[in-house]
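Participant: can you look at this prediction? I've put the sequence above it.
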Amino acid sequence: MTTAATMPETIMIDVARYHPEHDEEPQYERFEVPYRSDWVVLDALNHIKDQDDGSLTYRWSCRMGVCGSCGMMVNGVPVLTCAAFLRDYLPGPVRVEPLAGFPVERDLVVDLKDFIGKLSAVKPWIIREEETPLSEGEYKQSPGQLADFKQFSMCINCMLCYSACPVYQHEEEFVGPAALALAQRYNADSRDEGNAERYPLIWSDDGIWDCTFVGECSEVCPKHVDPAGAIQSAKLESTVGWYTSFLPLGRKRD
Amino acid sequence: MLRELSAVFMAVYVVLMVIMVSRIYEGQDAYEDYRDFLKSPFVIVFHLIALAFALLHSITWFQAVPRAIRIRRGEEFVPPQALIGTHILAWFGISVVIIGIFLI
Ligand code: SF4
Ligand code: FES
């Protein structure tokens, strides 16, 4: 517990800098910023950009844990920097790096291409065998049916789970926690009929079976999506599907 | 982390077990030799550690059950504790039956 009397006036922030034009690899630069107990790491970065070096590059937008764009490694752990209070890192220094496992574009900004590609690859939209005409009204859903997938729909695409996942760090092909949780979100939606279209990818070796249930993704997820849980549910479904495919009336194997 | 490490001990245990089966196949002398090896303090300590890891692995496995199996009744999900409890009871029951079969 830091009391007012012992509160430091400043705190050191070590920021990973990388300029593709002239850097072979990232370097660390140390900045001293004022310490405020209600400041988050993002406030410190904004202070640096305002006062010390306007060229510092990073993403952020909402500053309230909603947009998912401010994810970075702080002292080696992937967090939303708008929700990471400096007071939890006393006495410092605080090391700020780009999200692990992604190619760095500049300073703290990573390349999102791989992640965005994976999100769309799981077909995250409601697929119907046959669309009902609008005139027949909306697709109805009970609160219980909503509960089946609501948790998985809370994802803000912050990618913290990918940075925490040891499998993704080794195998870039892995579809990964958030995209697999998103697939589960639609597969568990009573209005959706597209499970069979998603299975080939999510049941493949790059999908759920790459996951060894380390569970770090769920630990770091700021929205309690529990992607690790979603993947285990999908594994159960996949296993049951595989066994029942041997039964006369079971689903045919692909 | 410890849970992942438990796999190493399980793997070594299985290897020791497979060697035992092959010794039994080779005949009484080979089997007796192997039993002497198993009685050495080092191997006994290994088995105690392996047992501890097996328990850790099983218990954490059952704790993970509610994350894979989500059973909804109406608008509520069956509470995680109930799922874990049922699985642990079943585990216990089956273990008792298996031990019973070997003792009879
Ligand atoms: S599942 Fe959680 S950690 Fe992963 S991208 Fe979504 S909100 Fe972020
Ligand atoms: S700035 Fe939007 S989540 Fe942090």
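Facilitator: Yes, it's here. Numbers count the residues shown, from 1 in each chain, chains lettered A, B, ... in the order given. Ligands and ions are numbered 1, 2, ... in the order given.
Participant: and residue 77, bridged to which residues?
Facilitator: In the absence of a named chain, chain A is used. Beta-bridge partners recorded for A:V77 (DSSP bridges): A:V74.
Participant: the intended chain is chain B.
Facilitator: B:R72.
Participant: for A:S69, which residues are in contact?
Facilitator: A:R59, A:W60, A:S61, A:C62, A:C158 (C-beta atoms under 8 Å, 6 or more residues apart in numbering or on different chains). In this view, the C-beta of every residue, glycine as well, is placed from N, C-alpha and C.
Participant: try 7 Å this time
Facilitator: Neighbouring residues of A:S69 by C-beta atoms under 7 Å, 6 or more residues apart in numbering or on different chains: A:R59, A:W60, A:S61.
Participant: what secondary structure does the first one sit in?
Facilitator: Assigned with DSSP: H, G, I helix; E, B strand; the rest coil, A:R59 falls in the coil class.
Participant: what about A:K118, which helix or strand?
Facilitator: helix A:113-121 (DSSP states H and E).
Participant: close to ligand 1, is that helix?
Facilitator: No - for helix A:113-121, no contact with ligand 1 is found by C-beta under 6 Å from any ligand atom; the gap never falls below 8.3 Å.
Participant: quick one: distance of that helix to the chain centre.
Facilitator: 12 Å (C-alpha atoms, centre = their mean, to the nearest Å).
Participant: and the helix or strand hosting B:F42 with ligand 1, contact?
Facilitator: Using DSSP H and E, B:F42 maps to helix B:41-68. No - against ligand 1, helix B:41-68 shows no contacts by C-beta under 6 Å from any ligand atom, the least distance being 13.8 Å.
Participant: what's that helix packed up against?
Facilitator: helix A:227-244, helix B:2-26, helix B:80-103 (3 or more C-beta pairs under 7 Å, 6 or more residues apart in numbering or on different chains; DSSP states H and E).
Participant: can you get me a residue count around the residue nearest to A:D206 when sequence neighbours are not counted?
Facilitator: Leaving aside its sequence neighbours, A:D206 sits nearest to A:E173 (C-beta to C-beta, 6 or more residues apart in numbering or on different chains; 4.5 Å). A:E173: 14 surrounding residues under other C-beta atoms under 10 Å in any protein chain shown.
Participant: contact residues of chain A facing ligand 1?
Facilitator: A:155-161, A:177-178, A:181, A:220-223, A:225, A:227.
Participant: same thing but at 5 Å, please
Facilitator: A:C155, A:I156, A:C158, A:L160, A:C161, A:A178, A:C221, A:K223, A:V225, A:P227 (C-beta under 5 Å from any ligand atom).
Participant: next step: the residues you listed restricted to helices.
Facilitator: A:L160, A:C161, A:A178, A:P227 (DSSP state H).
Participant: for chain B, which residues are neighbours of chain A?
Facilitator: B:E4, B:A64, B:R67, B:A68, B:I69, B:R70, B:R72, B:G74, B:E75 (C-beta under 7 Å from any C-beta of the partner chain).
Participant: return a ChimeraX selection command for the buried portion of these.
Facilitator: ChimeraX command restricting the residues of chain B next to chain A to the buried ones, with burial defined by 16 or more other C-beta atoms under 10 Å in any protein chain shown:
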select /B:64,67,68,69,70
